[in-house]
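Undergrad: okay, here's the prediction I keep looking at, along with the sequence it came from:
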Amino acid sequence: DTGVSQNPRHKITKRGQNVTFRCDPISEHNRLYWYRQTLGQGPEFLTYFQNEAQLEKSRLLSDRFSAERPKGSFSTLEIQRTEQGDSAMYLCASSSNRDGVSGANVLTFGAGSRLTVL
Amino acid sequence: GENVEQHPSTLSVQEGDSAVIKCTYSDSASNYFPWYKQELGKRPQLIIDIRSNVGEKKDQRIAVTLNKTAKHFSLHITETQPEDSAVYFCAASSNYQLIWGAGTKLIIKP
């Protein structure tokens, strides 16, 4: 296990198509996050899983976005009917709340999946 | 909800000088404060963090200070080097959620 893995690294699609990104977190991490980042901005929270349960979803996330983590391991983020405004880097991060130290939520990020919608 | 403000948005320093980036937070329940470094085209990486029961933490040329009363924390980089050029993000957390600052672009002038 060498860290958080995301694929594909790059995706170019036409407007209106569906895309799916996959994230494989660090195996012992029970928390998984999806963020979106555009150039010059900080990571924007999209959604959060603890094990297989999706506990929070940003109000910024339209109903075209859906995320799953069916077995509490890998996660997928699907964007339906893509729009040009969806073009961004989609970052996945994972962490653990099992380290016995309260108040620390150390996120490890994947390299991201860059989406370009033409 | 929590809000984190980060200043400055851009910081240019001469190589070898020190750099200081400041953040303020609004939620007094926040108890964990990480700093991430993001180089162009790469993922954010944790460089240092501090918990609310500590006032200062140092790791080689990097240090973070926390003032809980004033609800602000700062990143200090001494003897800056060209490889320190990046965007730095602060964040604050009281549970599973990290609230991020807007980032500071640090430029190291040769």
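TA: Cool, got the structure.
Undergrad: list the buried residues of stretch A:77-97.
TA: By 16 or more other C-beta atoms under 10 Å in any protein chain shown, the buried positions in stretch A:77-97 come out as A:77, A:79, A:82, A:86-96. Where C-beta positions appear, they are placed from N, C-alpha and C, glycine not excepted.
Undergrad: and chain B, which residues reach chain A?
TA: Applying C-beta under 8 Å from any C-beta of the partner chain, we find that chain B lies next to chain A at B:31-32, B:34, B:42-46, B:49, B:51-52, B:89, B:93-98, B:100-103.
Undergrad: just those: which are in helices?
TA: Using DSSP state H, no member of those falls in helices.
Undergrad: returning to that earlier point: chain B next: which of the buried residues of stretch A:77-97 are close?
TA: The subset of those within reach of chain B, by C-beta under 8 Å from any C-beta, is A:L91, A:S95.
Undergrad: among the buried residues of stretch A:77-97, which one sits closest to A:S27?
TA: A:S94 (9.3 Å; C-beta to C-beta).
Undergrad: partner strands of the strand or helix carrying the closest one, parallel or antiparallel?
TA: In the assignment (DSSP states H and E), A:S94 maps to strand A:88-95. Using DSSP bridges, strand A:88-95 pairs in its sheet with strand A:31-37 (antiparallel), strand A:108-109 (antiparallel), strand A:113-117 (antiparallel).
Undergrad: C-alpha coordinates for it, CSV please?
TA: Extracted in CSV, the C-alpha atoms of strand A:88-95 (Å, rounded to 0.1, in the frame of the first residue of the first chain):
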residue,chain,number,x,y,z
ALA,A,88,-11.5,20.7,-12.3
MET,A,89,-9.1,18.5,-10.4
TYR,A,90,-11.0,15.9,-8.3
LEU,A,91,-9.0,15.0,-5.3
CYS,A,92,-9.6,12.0,-3.0
ALA,A,93,-8.2,11.9,0.5
SER,A,94,-8.4,9.4,3.3
SER,A,95,-7.7,9.4,7.0
